[in-house]
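Visitor: Below: sequence and its predicted model.
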Amino acid sequence: MNITFNRNEDWMKLLWSDTNQHLDKIKSGGGKKSIEKQHERKKLFARERVDYLIDKGSTFVEIGAFAGFDMYHEYGGCPAAGTVSGIGYVSGRQCIIVANDQTVKAGAWFPIACKKNLRMQEIAMENHLPIIYLVDSAGVFLPMQDEIFPDKEHFGRIFRNNAKMSAMGITQIAAVMGACVAGGAYLPIMSDETLMVEGNGSIYLAGPYLVKAAVGEDIDSETLGGAVTHTEISGIADYKFDTEQACLDEIKKIMSKLGPSPMAGFNRATPSLPLKNQEELWGIMHEKNAKPYNMLDIIERMVDDSTFDEFKKDYGKTLLCGYARIDGWAVGIVANQRLITKSRKGEMQLGGVIYNDSADKAARFILNCNQKKIPLIFLQDVTGFMVGSRSEHGGIIKDGAKLVNAVSNSIVPKITIIIGNSYGAGNYAMCGKAYDPRFIFAWPSAKIAVMGGEQAAKTLLQIQVSSMKAKQKEVSAEDEKKLLDKITGAYEKQTTSYYAAAHLWVDAIINPLDTRKMISECIAAANHNPHLDDLKIGVFQV
């Protein structure tokens, strides 16, 4: 290995180390004291519940661990959006798990918590996966009720999704292990089966204090809506248990009896490892993504036997398209090539930029994968579409629209990995969040923005300086530098993988070495939905 590789490796590993440090803090929820209080009440911490529930030694893909990261400072923060969620295996069955974390503001729902829970339901619906709710929540976080209660993608959408999933035949199991209050009380009752833990679990539209204020009735929590009340009097709940462990054991039994579900039938052969050393993924991208690199080197360290069958190899070279297998699954890969290449006309092409011919090639390849029922993997490191008179006269907007059309109407599962830049319309064309990837992940090196930080900061600086001069304010070179540094700092913060994950623009920040495993688990999840729509492509200019 050369000095440059070692420097690149150190940079990427440091990024991942920083990510892990943040994750360690996130995984402590509301902190050690709050967890101890849970234990004193004979309650498990949310992460302990999930660990107990899933099959030992199985893979758990956590979704949204960074949701809410560096947000809600005025309220003391909201680690992991007060919810532990992901895709795991229970009694051998792949499923979605959503567990409220009572140590974070009593499990109350912040706006980002609502967005995260809706995302988990969306994954369940898109992939026809059973969903298990481990309920322990005080309901809507009242100081922010206007941002979580009335709109289409707010709290009420969760119960609408309960009803929709039931109609779709998707199994829903709710275990009430703590409070389940107000509107939140509908979630377990709209599930297929409801389990409760005696002494801690409670379900009611209004708690004892509100009942006293509203109707003057004095009543304790257990009598109002405890496990005995709802299994013996109201009939709302189906089972009650003395301990959380017994409750979770029953969920395992229920899951073990689910009938087999039809599969989509995506092709899978016997898995094999890449022939090229996967550890080298650490050092292929250049430090700060400042120099070109060969995306093929990354692909060959992800795919089985390091075999990549390239489509139109000598045409549209700034996008790599081709067929491969990942952990045995047949996949089509669309990836930005970061090398500086030559077009078929001998013109130099910048790496990471989408040109007319590369957009045309990728659109055709996506249609081919749809025809063959092959899942698509997008590897993003894109700075956007090529601009300038040559591109405009060549019809770059037309070719870009063709690619966006193909991505938008694609019916096979799409999985997006942002490994470097994800700028402007390039984010859209390469299946960014707005284009409904089944799953979307980021390496710690990812940057997502409308344009690069330097260009954006200089553009914003020009606007602000012009505005100040228009008001007859003098702006010195020193003032301009201070303003530029301030703008750059704020903009750069908004482009990081942390910011993207905090706002759920991506499902998770992942270790580059886990990319194969993540893709494999995601295709396994997608394979549970046998219903692919008919391929229909809208009007576009060819």
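Guide: Thanks, I have the structure now.

Visitor: alpha carbons only for contacts and neighbour counts from here, please
Guide: Fine.

Visitor: What ranges does the stretch 51-200 of the chain have for its helices?
Guide: Here the stretch 51-200 of the chain has its helices, by DSSP state H, counting those that start in this stretch, at 111-127, 156-168, 186-189.

Visitor: how far is the last one from where the chain is centred?
Guide: Meaning helix 186-189. From the chain centre to the centre of helix 186-189 is a distance of 25 Å (C-alpha atoms, centre = their mean, to the nearest Å).

Visitor: That one packs against which elements?
Guide: Here helix 186-189 touches helix 156-168, strand 172-181, going by 3 or more C-alpha pairs under 8 Å, 6 or more residues apart in numbering; DSSP states H and E.

Visitor: name the helices or strands packed onto the first one?
Guide: It stands for helix 156-168. helix 111-127, strand 172-181, helix 186-189.

Visitor: For the chain, identify the residue most remote from the centre.
Guide: Here the chain reaches farthest from its C-alpha mean at Gln472, the gap being 47.5 Å by C-alpha atoms, centre = their mean.

Visitor: any weak-confidence spans in the stretch 301-450 of the chain?
Guide: 393 (pLDDT under 70).

Visitor: Where do the strands of it begin and end?
Guide: Assigned by DSSP state E, counting those that start in this stretch, the strands in the stretch 301-450 of the chain fall at 309-310, 319-326, 329-336, 341-342, 348-349, 353-354, 376-382, 384-385, 414-423, 439-442, 447-449.

Visitor: between those, which gets nearest to Gly183?
Guide: Set against Gly183 and scored by C-alpha to C-alpha, the strands of the stretch 301-450 of the chain come closest in strand 439-442, at 29.0 Å.

Visitor: What residues of stretch 13-26 count as buried?
Guide: Lys13, Trp16, Thr19, Leu23, Ile26 (16 or more other C-alpha atoms under 10 Å).

Visitor: In TSV, list the residues you listed along with distance to Ile326 and secondary structure.
Guide: Shown next, in TSV, are those (distance: C-alpha to C-alpha, whole Å; DSSP: H, G, I helix; E, B strand; the rest coil):
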residue	distance to Ile326	secondary structure
Lys13	23	helix
Trp16	23	helix
Thr19	25	helix
Leu23	27	helix
Ile26	31	helix
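
Visitor: Would you format the residues you listed as a markdown table with distance to Gly216 and pLDDT included?
Guide: Compiled in a markdown table, the buried residues of stretch 13-26 are given as follows (distance: C-alpha to C-alpha, whole Å; pLDDT from 0 to 100):
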| residue | distance to Gly216 | pLDDT |
| --- | --- | --- |
| Lys13 | 61 | 98 |
| Trp16 | 56 | 98 |
| Thr19 | 51 | 98 |
| Leu23 | 46 | 98 |
| Ile26 | 42 | 98 |
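
Visitor: got the helices and strands packed on helix 186-189 as JSON lines, with mean pLDDT and mean neighbour count columns?
Guide: Shown next, in JSON lines, are these (pLDDT from 0 to 100; neighbours: other C-alpha atoms under 10 Å):
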{"stretch": "helix 156-168", "mean pLDDT": "95", "mean neighbour count": "16"}
{"stretch": "strand 172-181", "mean pLDDT": "94", "mean neighbour count": "25"}
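
Visitor: Among these, which comes closest to Lys116?
Guide: Among the helices and strands packed on helix 186-189, helix 156-168 sits nearest to Lys116 (C-alpha to C-alpha), with 10.6 Å.

Visitor: any chance you could map the helices in the stretch 401-542 of the chain?
Guide: 424-429, 453-470, 477-495, 497-502, 515-526.

Visitor: Mean neighbour count for those helices - can I get that in CSV?
Guide: Putting the helices of the stretch 401-542 of the chain into CSV (neighbours: other C-alpha atoms under 10 Å) gives the following:
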stretch, mean neighbour count
helix 424-429, 22
helix 453-470, 15
helix 477-495, 15
helix 497-502, 24
helix 515-526, 20
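
Visitor: Looking at these, which is nearest to Arg325?
Guide: When the helices of the stretch 401-542 of the chain are compared by C-alpha to C-alpha, helix 515-526 sits nearest Arg325, at 9.7 Å.

Visitor: Could you list the residues in contact with the closest one?
Guide: 61, 94, 126-129, 264, 302-303, 326-327, 329, 375, 413, 415, 438-439 (C-alpha atoms under 8 Å, 6 or more residues apart in numbering).

Visitor: close enough to count as contact, Ala501 and Ala508?
Guide: Yes: at 6.1 Å, Ala501 and Ala508 qualify as touching, with contact defined as C-alpha atoms under 8 Å.

Visitor: any residues in contact with both of the two?
Guide: Gly64, Phe66.

Visitor: circling back to that earlier point, of all the strands of the stretch 301-450 of the chain, which one is nearest Lys105?
Guide: Using C-alpha to C-alpha, the nearest of those to Lys105 is strand 439-442, at 27.7 Å.

Visitor: which residues make contact with the closest one from outside it?
Guide: Identification of contacts with strand 439-442 by C-alpha under 8 Å, 6+ apart yields 414-419, 432-433, 497, 506-510, 522.

Visitor: which one of the residues you listed is nearest His230?
Guide: The nearest one, if we look at the contacts of strand 439-442 relative to His230 and count by C-alpha to C-alpha, is Asp507, at 36.1 Å.

Visitor: Phe69 is in contact with Tyr498, correct?
Guide: Yes: contact criterion C-alpha under 8 Å: Tyr498 and Phe69 qualify, at 7.2 Å.

Visitor: ok, now which ones touch the closest residue to Gly426 other than its chain neighbours?
Guide: Spatial nearest neighbour of Gly426, chain neighbours left out: Gly384 (4.2 Å); criterion: C-alpha to C-alpha, 6 or more residues apart in numbering. With contact set as C-alpha under 8 Å, 6+ apart, Gly384 has these partners: Gly352, Val353, Ile354, Ser422, Tyr423, Gly424, Ala425, Gly426, Asn427.

Visitor: Show me what Gly384 is bridged to.
Guide: The partner list for Gly384 in beta bridges (DSSP bridges) reads Val353.

Visitor: any weak-confidence spans in the stretch 1-150 of the chain?
Guide: For the stretch 1-150 of the chain, the stretches flagged by pLDDT under 70 are 1.

Visitor: So which residues of it form strands?
Guide: Using DSSP E, counting those that start in this stretch, strands in the stretch 1-150 of the chain cover 61-62, 83-90, 93-100, 131-137.
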